[in-house]
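Undergrad: Need the 3D shape of this:
(2 chains)
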Amino acid sequence: MRYSGLQVLWQGLTGNTGWRPAWRDPEPKSSYDIIIIGGGGHGLATAFYLAEEHGLTNVAVLEKGYLGGGNVGRNTTIVRANYGLPGNSEFYSHSLKLWEGLENALNYNVMHSQRGVINLFHSDGQRDAYARRGNAILNQGDDAILLDREGVRKHAPYLDFEQTRFPIFGGLYQPRGGTARHDAVAWGFARGADQRGVDLIQNCEVTGIDIENGAVRGVQTTRGAIRATKVGIVVAGRSSQVAAMAGLRLPIESHVLQAFVTEGLKPLIDTVITYGMGHFYISQSDKGGLVFGGDLDFYPSYAARGNLPMAEHVVEAGMTLMPMIGKAKMLRSWGGIMDMSSDGSPIIDRTPIDGLYFNGGWCYGGFKATPGSGNVFAHLIATDRPHPAATKYRLERFATGRGIMDEEATGSQHNLH
Amino acid sequence: MYINCPHCGDRDLREFTPRGHAVGRERPEGETWSDAWHDFIHLRDNIAGRQAELWHHSGGCGAWLVVDRSTTTHEIFGTRLAAEIAR
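TA: Numbers count the residues shown, from 1 in each chain, chains lettered A, B, ... in the order given. Down below sits the predicted model:
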């Protein structure tokens, strides 16, 4: 069924009895050409682009829980392409362009809203750094505007511009950044993949990866063995466990990142504001909740929930930036499992095992990458060559030291990003 | 979350700096780059379950602790001074 305004009207007039499930619930076949492990945003996007751009439809996505039940359902929905480092720059630019055509490509309303992203700066030195980053963004072909204090004030008059610790000097504004409805992104890719013939198999946990003579032959699952000569791992926070099934150790440590939402309020924030000095960023959902978050708790965790000290820290930062937030009641908080790579950038590459591909290490930036990640991972799996927008996300960079992708220049070491 | 420092007793999480899996105590020999250094700096078992971790009591007595902790439940099973563990 094709979704349209006319369809909504027709269904409304006929008692909404004509809607059908958005995807099938097939039994796993005994073999496929390609298996994608992980039915999250990136895995579903990979399956969609394998079918859409490469005509590969004998594909299964294996998900141990339900589709979109991991980080794609637990993030703060921000979309942006404001990276400066070669490698990241072209990749996020590619991803942002895919976002802009996504709803038409999927025939699905992912509520992509280009409401802009403002990164605040608080000193002359930081202004220089942001001007440089803005120029890098312009050079990559995207948009960036350096706002002075009054420029920021026009967007967000309620911020505390004169705060003593980090007075606001201005902000780097990317109008094409924004937000999207995170669950809908997973559902849209799932529906698009399913319509093109991909089998989405839920409640199917991979328990082993079969390897013969250095080449992948298939996987063992809780619903039986499934054969395939190409297998892609794209499981975010659980990367290390799945890679271990193939005897691989990764430069990844899993951490908890918390996020928070207030009760629904009337329209207030019509953009995304990041306050890096305070480890705080905020936007407003279409339901009205203020959605905000901060930094990692900084200890390894698979618990998908954090501790109160970081909640306190985030709320304090929010109060410093916009004191009016203190009157809002917090509704919920939650945590996701972040696959933190040691240099802070992702890995999209072949592995030493023939036919086994890995996509992970997204740290806390995976959501905006969803279309780009799926697109370039599909390209890698289909052609065995990296996509031009993702040539630097090599697994071997850690062992050789060549091409370390350290966006913030903090060093390639755990506990720094 | 409280961590039991052998010197100071139960202390608040905020007094400690986590340093991840306790591989910091397995520093390789030699100073030139090698697979052992790559392994030491980058690669992690990244265990979902109980693991030994290094925590620094940076806001307290300054001791380095090896904490036996679950990464899935955050339960702490025991702490020892790193200095007292034989290499």
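Undergrad: ok now the longest helix belonging to chain A, how far from the chain's centre?
TA: When chain A is parsed with DSSP state H, its longest helix is helix A:88-106. Computed by CA atoms, centre = their mean, to the nearest Å, the chain-centroid distance of helix A:88-106 equals 12 Å.
Undergrad: which residue ranges form the helices in chain B?
TA: Using DSSP H, helices in chain B cover B:35-41.
Undergrad: for the stretch 1-150 of chain A, same thing?
TA: Along the stretch 1-150 of chain A, the segments classed as helices by DSSP state H, counting those that start in this stretch run A:5-13, A:41-54, A:88-106, A:124-139, A:149-155.
Undergrad: Tell me how far the one residue sitting closest to the centre of chain B lies from chain A.
TA: Centre of chain B computed as the mean C-alpha position; nearest residue by CA atoms, centre = their mean is residue B:54, 1.0 Å away. Going from residue B:54 to chain A by CB to the nearest CB, to the nearest Å gives 10 Å. (C-beta placed from N, C-alpha, C; glycine too.)
Undergrad: now that residue: how far from residue B:12?
TA: Separation of residue B:54 from residue B:12 (CB to CB, to the nearest Å): 18 Å.
Undergrad: With residue A:138 instead?
TA: The value you get for residue A:138 to residue B:12, if CB to CB is used, is 46 Å.
Undergrad: Now residue A:66. Nearest residue, chain neighbours left out?
TA: Residue nearest to residue A:66 in three dimensions, not counting chain neighbours: residue A:202, with 5.4 Å by CB to CB, 6 or more residues apart in numbering or on different chains.
Undergrad: OK, contacts around that neighbour?
TA: Going by CB atoms under 8 Å, 6 or more residues apart in numbering or on different chains, residue A:202 touches A:25, A:39, A:63, A:65-67.
Undergrad: For the one residue in the stretch 51-200 of chain A that gets nearest to chain B, give me phi and psi.
TA: Here the stretch 51-200 of chain A gets closest to chain B at one residue, residue A:64, 12.9 Å apart by CB to the nearest CB. In terms of degrees, to the nearest 10, the main-chain angles of residue A:64 are phi -70, psi -30.
Undergrad: residues touching the nearest residue to it once chain neighbours are set aside, list them.
TA: Using CB to CB, 6+ apart and skipping the chain neighbours, the partner closest in space to residue A:64 is residue A:205 (3.6 Å). By CB under 8 Å, 6+ apart, the residues touching residue A:205 are A:62, A:64, A:221-222.
Undergrad: Need the pLDDT of the residue nearest to residue A:66.
TA: According to the per-residue confidence, residue A:202 scores 98 in pLDDT.
Undergrad: The residue of the stretch 51-200 of chain A closest to chain B and residue A:400: what is the separation?
TA: Residue A:64 is 33 Å from residue A:400, by CB to CB.
Undergrad: Those two - which one has more neighbours?
TA: residue A:64 (20 against 11; other CB atoms under 10 Å in any protein chain shown).
Undergrad: What residues does chain B have near chain A?
TA: Neighbours of chain A within chain B, by CB under 8 Å from any CB of the partner chain: B:1, B:12-14, B:17-21, B:33, B:35, B:38-39, B:41-46, B:48, B:51, B:53, B:55, B:69, B:71-74.
Undergrad: quick one: which of those residues sit in strands?
TA: The strands, defined by DSSP state E, take in B:12, B:17-21, B:51, B:53, B:55, B:69 from these.
Undergrad: Once you drop chain neighbours, what's closest to the residue most central in space within chain A?
TA: Most central in chain A under CA atoms, centre = their mean is residue A:367, positioned 1.7 Å from the mean C-alpha point. Using CB to CB, 6+ apart and skipping the chain neighbours, the partner closest in space to residue A:367 is residue A:75 (4.3 Å).
Undergrad: State the distance from the residue of chain B most remote from its centre to residue A:403.
TA: In chain B, counting by CA atoms, centre = their mean, residue B:32 sits farthest out from the average C-alpha position, at 24.9 Å. Distance from residue B:32 to residue A:403, counting by CB to CB: 20 Å.
Undergrad: With residue A:125 instead?
TA: 28 Å.
Undergrad: more neighbours, the two?
TA: Higher neighbour count among residue A:125 and residue A:403: residue A:403, with 16 against 10, using other CB under 10 Å.
Undergrad: ok, residue A:302 - how many residues close by?
TA: Around residue A:302 there are 21 residues (other CB under 10 Å).
Undergrad: Residue 39: neighbour count?
TA: Just going to use chain A. When neighbours are counted by other CB under 10 Å, residue A:39 comes out with 31.
Undergrad: That was the other one, I meant chain B.
TA: Neighbour count for residue B:39, taken as other CB under 10 Å: 17.
Undergrad: With residue B:66 instead?
TA: Residue B:66, neighbours per other CB under 10 Å, totals 20.
Undergrad: Can you name the residues bridging to it?
TA: residue B:54, residue B:80 (DSSP bridges).
Undergrad: does residue B:45 really touch residue B:51, like I thought?
TA: Yes. Counting by CB atoms under 8 Å, residue B:45 does reach residue B:51; the two are 7.5 Å apart.
Undergrad: Now do the shared contacts for these two.
TA: residue B:21.
Undergrad: Mind checking which of these two has more residues around it?
TA: Of the pair residue B:45 and residue B:51, residue B:51 is the one with more neighbours under other CB under 10 Å, namely 18 against 14.
Undergrad: ok, now which ones touch the closest residue to residue A:141 other than its chain neighbours?
TA: Nearest residue to residue A:141, sequence neighbours excluded (CB to CB, 6+ apart): residue A:93, at 6.1 Å. Residues near residue A:93 by CB under 8 Å, 6+ apart: A:81, A:140-142, A:389.
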